[in-house]
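[1] generate coordinates for the sequence data below:
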Amino acid sequence: MGKLFKTTFSTAVIVLIPACIGINYIGKLFAQALKLPLWLDSIGTCIGAILGGPVIGGICGAANNLIYGFTTGDNITLIYALTSLFIGISVGVMARLGFMNSLPKALITACIGGLAAVIVSTPLNIIYWGGTTGNLWGDAVFAASQANNMPIWIGSLFDELVVDIPDKLITVIIVYFIVSRLPKKLTTLYDANSVVESLD
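    Next up, the predicted model:
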């Protein structure tokens, strides 16, 4: 378990964090400006998680929500910092377990990241927004579920599933192709084990 969460705050990792937060920020702005039915705010989180590990992924995710929320006045984003934290942790753990070494395995990572988002966000949606997400596609599913007299928690769960799973699939596929094409000399800078060994 310790190896999964092993983190080294080297210069490369410290530089990586704001870069990943910036990628998240731009992705979210892009999705909101075009009114896309996806979030696109986890690309940087996943890059940070894969290169730096679960702790770095969690930091990138949560920090992006907090920065975006405070700078744009979007209080909704602040609430979901917890969701982004768990997305980063789950993707980082999967990457450490070798689930970003091939595209089929990356798709499994995407599903785990999506499920983490669903599990954390659904209760938040119910507590703060009556079960909705504010996403056009997801809320249409929620409305249909309520029209059919389904429990709110089931409707909210479906609302999240139809948005978060596709969003994380697209996100992780993009990230897989980005990271898989990075030079070995660069990715080695983020290997916690190699950094520790070099200090012995």
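
[2] going by residue numbers, what spans are helices in the chain?
    Assigned by DSSP state H, the chain shows helices spanning 11-33, 43-52, 54-72, 75-79, 81-96, 103-129, 136-147, 152-180, 184-187, 192-198.

[3] pLDDT score for the closest residue to Asn64 other than its chain neighbours?
    Residue nearest to Asn64 in three dimensions, not counting chain neighbours: Asn24, with 3.9 Å by CB to CB, 6 or more residues apart in numbering. Every residue, glycine included, has its C-beta placed from N, CA and C. Here the pLDDT value assigned to Asn24 is 96.

[4] distance check, Leu34 against Tyr190.
    To Tyr190, Leu34 is 32 Å away according to CB to CB, to the nearest Å.

[5] of the two, who's got more company?
    Neighbours per residue (other CB atoms under 10 Å) separate Leu34 from Tyr190, with Tyr190 holding more: 20 against 10.

[6] and that one, what is it in contact with?
    Applying CB atoms under 8 Å, 6 or more residues apart in numbering, one finds that Tyr190 lies in contact with Ser10, Ala12, Val13, Leu16, Leu51, Gly52.

[7] so the last one is in contact with Ser10, correct?
    No - here Gly52 lies out of contact with Ser10, judged by CB atoms under 8 Å, at a distance of 9.1 Å.

[8] with neighbour numbers in mind, choose between these two.
    Taking Gly52 and Ser10 together and counting by other CB under 10 Å, Gly52 has the greater number of neighbours (30 against 16).

[9] out of the helices of the chain, which one sits most buried?
    When you average the neighbours per residue for each of the helices of the chain (mean count of other CB atoms under 10 Å), helix 43-52 leads with a mean of 29.

[10] sorry, back to before: separation between the residue nearest to Asn64 and Met150?
    In this view, Asn24 and Met150 are 33 Å apart by CB to CB.

[11] go on, Thr83?
    Relative to Met150, Thr83 is positioned 23 Å away (CB to CB).

[12] next one: Pro183
    Computed as CB to CB, the Pro183 to Met150 distance reads 50 Å.

[13] who are the contact partners of Ile23?
    Listed by CB under 8 Å, 6+ apart, the contact set of Ile23 reads Ile43, Gly44, Ile47.
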